[in-house]
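[1] got a predicted structure plus its sequence, pasted below:
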Amino acid sequence: MDGTVSSLRLALNRQRLLADGMALIWALALAKLVFHICFNNRYGYFRDEFNYMTCGDHLQWGYVDQPPMVPFLIHVSRALLGDSLRAVRFVPALASSLLIVQTAVLARELGGRRFAMLLASICALTDPQYLSNGSLLGTNSLEPNLWMGCAHFAILAIKRNDPRYWLWFGVCAGLGLENKYSIAVFGAGIIVGLLLTEQRRVFLNKWIWLGGMAAFLIILPNILWNMHYDWPFAQLMHNIRAEGRDVVHGPLDFFLQQLLITNPLNAPIWFTGLFALLFSARLRPYQALGWAYLVSYNFFFFARGKNYYLAPIYPLLLAAGSVVIASAVDRGKTHRADCNGSSR
């Protein structure tokens, strides 16, 4: 009897997976992973990869130019898989492939169904920056996954009216800080967005403060390392600025480069997503995430950040845009069906 029940549950789960389109999305992610594994042995090692590998040979809680996560991961990866290009780039390939699934899941949590999820995942699949992320070892490889992990928990906290998800938001943010400090900009953007919207009431709940404490405790070893060595990362950033080595973009140039790194064909979708997060009634509960984009965009522009510093946030906008576009398509089909029915 138990075996029959288990078989029925397995069959129902398989049917549900096929019905909501996740099976196809997992297939796309797997195809992308296979693509990267096949072609990630081309062109030789990139210079930064030698830096990460060397840091991985000398594990610490921090380094002059980065937090410790990527050196730790490449240390483990090399121990398990070896030093070949495919082995060194396996973690980036896996992270970039999983981003397809994350983007589809965000679309689902924002109210999208199969078409919206598929559209969002295809946008993530064809994004040049994420293809590049899957082809090279670096902190950029994991950034979108960690930013979107934070976005996912923020959406769940709002959607399910369950502030406990803010604790997991903090855990994900803390891990993100151990990968690359720029996730702090995204986190600050969400805080600003929450304060500017009706979601500000969340600050009266203990869970968001516990989430902040979790993030602080996770990054604390790195903070202590930086303090011990007289803040080498801050000194590095200061010296880059003092020597004029920043890449300075004009307003139009910075904006156009955002179009290029996300694929110009995807631009109408993420534009729609940004507009919907800021102004649509359907996504109004998540308006703070739209503000997070505006805060992050302006920070990186005025701080003379590189054009790809904003890239980790676009899966969120692509997911939101896909939901809105899919909804418009469904309304169009319903309207045509009604018109055809009335004409008969």
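    Okay, I see it.
[2] what's the next secondary structure element after the lowest-mean-pLDDT helix or strand in the chain?
    Lowest by mean pLDDT, DSSP states H and E among the helices and strands of the chain is helix 2-19, with a mean of 53. Reading on from helix 2-19 to the C-terminus, the next helix or strand found by DSSP states H and E is helix 22-39.
[3] contacts for that following helix?
    By Cβ atoms under 8 Å, 6 or more residues apart in numbering, the residues outside helix 22-39 that reach it are 17, 86, 89-90, 92-94, 96-98, 100-101, 104, 117-118, 121-122, 125, 134-135. C-beta coordinates here come from the backbone N, C-alpha and C atoms, glycine included.
[4] how much space separates the spatially most central residue of the chain from residue 195?
    If you average the C-alpha coordinates of the chain and look for the closest C-alpha using Cα atoms, centre = their mean, you land on residue 144, 2.8 Å from that point. Using Cβ to Cβ, to the nearest Å, one obtains 25 Å as the distance from residue 144 to residue 195.
[5] pLDDT weak spots in this protein?
    1-20, 244-246, 332-344 (pLDDT under 70).
[6] quick one: end-to-end distance for stretch 51-66.
    Taking Cα to Cα, to the nearest Å, stretch 51-66 runs 10 Å from one end to the other.
[7] so what's the residue nearest to the centre of the chain up against?
    If you count contacts by Cβ under 8 Å, 6+ apart, residue 144 has them with 95, 99, 102, 130, 133, 311, 312, 314, 315.
[8] select from those residues every entry located in helices.
    With DSSP state H as the criterion, helices contain 95, 99, 102, 130, 133, 314, 315 from among the contacts of residue 144.
[9] how about those in JSON lines, adding distance to residue 76 and neighbour count?
    Listed next are the ones in helices among the contacts of residue 144 as JSON lines, based on distance: Cβ to Cβ, whole Å; neighbours: other Cβ atoms under 10 Å:
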{"residue": "95", "distance to residue 76": "14", "neighbour count": "22"}
{"residue": "99", "distance to residue 76": "21", "neighbour count": "27"}
{"residue": "102", "distance to residue 76": "22", "neighbour count": "24"}
{"residue": "130", "distance to residue 76": "23", "neighbour count": "29"}
{"residue": "133", "distance to residue 76": "19", "neighbour count": "27"}
{"residue": "314", "distance to residue 76": "29", "neighbour count": "29"}
{"residue": "315", "distance to residue 76": "26", "neighbour count": "31"}
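[10] show me which pair in these is furthest apart.
    Within the ones in helices among the contacts of residue 144, 95 and 314 form the most distant pair, 15.3 Å apart (Cβ to Cβ).
[11] circling back: out of the contacts of residue 144, which one sits closest to residue 203?
    Looking at these and their distance to residue 203, the nearest is residue 312, at 24.7 Å (Cβ to Cβ).
[12] quick check: that closest one touching residue 186?
    Yes. Contact status for residue 312 versus residue 186: in contact at 7.3 Å, counting by Cβ atoms under 8 Å.
[13] between these two, which contacts overlap?
    Here residue 312 and residue 186 have residue 147 as joint contacts, going by Cβ under 8 Å, 6+ apart.
[14] which stretches of the stretch 51-200 of the chain form helices?
    Applying DSSP state H, counting those that start in this stretch to the stretch 51-200 of the chain gives helices spanning 69-81, 85-88, 90-109, 114-126, 128-133, 139-159, 165-179, 183-196.
[15] residue 44 is nearest to which of the ones you listed?
    helix 85-88 (7.4 Å).
[16] so how far is stretch 298-315 from its chain's centroid?
    The chain centroid and the centroid of stretch 298-315 are separated by 13 Å, computed with Cα atoms, centre = their mean, to the nearest Å.
[17] pull the CA atoms of stretch 118-138 into PDB?
    The C-alpha atoms that make up stretch 118-138 are tabulated as PDB, following Å, rounded to 0.1, in the frame of the first residue of the first chain:
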ATOM      1  CA  LEU A 118       9.900  30.100 -20.300                       C
ATOM      2  CA  LEU A 119      10.300  33.600 -21.600                       C
ATOM      3  CA  ALA A 120      12.300  34.700 -18.500                       C
ATOM      4  CA  SER A 121      14.500  31.600 -18.700                       C
ATOM      5  CA  ILE A 122      15.200  32.200 -22.400                       C
ATOM      6  CA  CYS A 123      16.200  35.800 -21.700                       C
ATOM      7  CA  ALA A 124      18.600  34.600 -19.000                       C
ATOM      8  CA  LEU A 125      20.000  32.000 -21.400                       C
ATOM      9  CA  THR A 126      20.700  34.500 -24.100                       C
ATOM     10  CA  ASP A 127      22.200  37.200 -21.900                       C
ATOM     11  CA  PRO A 128      25.800  37.800 -23.000                       C
ATOM     12  CA  GLN A 129      27.000  38.700 -19.500                       C
ATOM     13  CA  TYR A 130      25.700  35.400 -18.000                       C
ATOM     14  CA  LEU A 131      27.200  33.400 -20.900                       C
ATOM     15  CA  SER A 132      30.500  35.100 -20.100                       C
ATOM     16  CA  ASN A 133      30.000  34.400 -16.400                       C
ATOM     17  CA  GLY A 134      29.700  30.700 -17.100                       C
ATOM     18  CA  SER A 135      32.900  30.700 -19.100                       C
ATOM     19  CA  LEU A 136      35.400  32.300 -16.700                       C
ATOM     20  CA  LEU A 137      36.200  31.800 -13.000                       C
ATOM     21  CA  GLY A 138      35.500  34.900 -11.000                       C
END
